[in-house]
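Colleague: One predicted model, sequence on top.
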Amino acid sequence: MTWIALIFILVWLATFVAGQLLFKKAMDLSSAVGFRSPRTIFALSAGILVMTISFCLNLGLLQRFDLSYLYPFQGSSIIIIAVLAAIILKEKLTPRLIVGTLLIAAGVVLVSMS
Amino acid sequence: MPVNRQSTASAARTLDRPTGFRNPWFQFVLNIIGVVIYELLLKAGASATADSAKTWSWIGINALTSPLTWLAIVVIIVDLVIWLYILRYIPLSIAFPLSRTVDVLVPISCWLILRETISPLRWAGIALVIVGLIIVAKPAAELEERL
């Protein structure tokens, strides 16, 4: 893997994770202050924007690598999203949830390695 | 199962959790089916148009010349609306790990439908994901209890 591939994979992951967090934030806001609130619309629009960037980068990566090669990186996003949801969105992360999340991530990596 | 619990729930609780087609867990299943479909469409569309000799193709724009990619985009948009709906009811730290059910569904459907072989290591990975999903499903069930 070249340095340029690594950079594109990292940016792809970062935008994907940011998009998920923004989507959840937007939906929390929609319950709290309503769908037409500028804050909800802003979070949703920002989420769609970064997800679109992530989507295009994913297409570029899929043209160069097998889906199975890119999958372990997607597996790692499970852990990153769960941790950031706890830190940024103040979701409750129980030990049980952590163990389950780690097992899923490990399983995703194994599936793509073979 | 949720329907049974629903009937014993108070009137206030009934407002909180939509049932039937609008049940977030039913939508969750639809969302996962959508992900499996668009992942395969995207890979097909991207492969059909691959031209890695050009540097600008890193941003993936040339994959848009394939109709398969556009079909995938339609599925993605529908799936996004479903996903946003799910996020209104389920915390991200539970919904996202559970959404990785696709990681076992794709190889298993390849095995069942396409008769592809699955190595022992891959079966081990599938087993790990399933155990993880069961463990995460417990907090999800407790969440359902609270709703």
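Modeller: Noted; the coordinates are in hand. Residues are numbered from 1 along each chain as shown, chains lettered A, B, ... in the order given.
Colleague: drop to CA atoms for contacts and neighbour counts, all remaining ones
Modeller: Fine.
Colleague: Now do the contacts for residue 79.
Modeller: This is for chain A. Taking CA atoms under 8 Å, 6 or more residues apart in numbering or on different chains, we find A:Ile79 in contact with A:Thr101, A:Leu102, A:Ala105.
Colleague: ah, no, chain B please
Modeller: Contact partners of B:Asp79, counting by CA under 8 Å, 6+ apart, are B:Asn31, B:Gly34, B:Val35.
Colleague: State the helix or strand in which the second one lies.
Modeller: B:Gly34 belongs to helix B:24-48 when elements are defined using DSSP states H and E.
Colleague: and the angle for whatever helix or strand comes next after that helix with helix B:24-48?
Modeller: Downstream of helix B:24-48, the first helix or strand assigned by DSSP H and E is helix B:67-89. Counting by axes from the mean of the first three to the mean of the last three CA atoms, to 10 degrees, helix B:67-89 lies at 150 degrees to helix B:24-48.
Colleague: still on that earlier bit, just the contacts of A:Ile79 that are near chain B?
Modeller: Near chain B, judged by CA under 8 Å from any CA of the partner chain, the entries from the contacts of A:Ile79 are A:Thr101, A:Leu102, A:Ala105.
Colleague: got CSV for those residues, with secondary structure, neighbour count and pLDDT too?
Modeller: Below are the ones next to chain B among the contacts of A:Ile79 laid out as CSV (DSSP: H, G, I helix; E, B strand; the rest coil; neighbours: other CA atoms under 10 Å in any protein chain shown; pLDDT from 0 to 100):
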residue, secondary structure, neighbour count, pLDDT
A:Thr101, helix, 30, 93
A:Leu102, helix, 20, 93
A:Ala105, helix, 26, 91
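Colleague: can you tell me which of those lies nearest to chain B?
Modeller: Nearest to chain B among the ones next to chain B among the contacts of A:Ile79: A:Thr101, at 6.0 Å, using CA to the nearest CA.
Colleague: how big is the angle separating the helix ranked longest in chain A from helix B:67-89?
Modeller: If you go by DSSP state H, chain A has its longest helix at helix A:3-32. Here the directions of helix A:3-32 and helix B:67-89 differ by 40 degrees (the same axes, to 10 degrees).
Colleague: mean confidence for the next helix or strand after helix A:3-32?
Modeller: Under the assignment DSSP H and E, the closest C-terminal helix or strand after helix A:3-32 is helix A:38-62. Average pLDDT, helix A:38-62: 91.
Colleague: distance of the residue positioned nearest the centre of chain A from B:Ile32?
Modeller: In chain A, the centroid-proximal residue (CA atoms, centre = their mean) is A:Val17; its distance is 2.7 Å. From A:Val17 across to B:Ile32, the span is 18 Å (CA to CA, to the nearest Å).
Colleague: I am finished for the moment; much appreciated.
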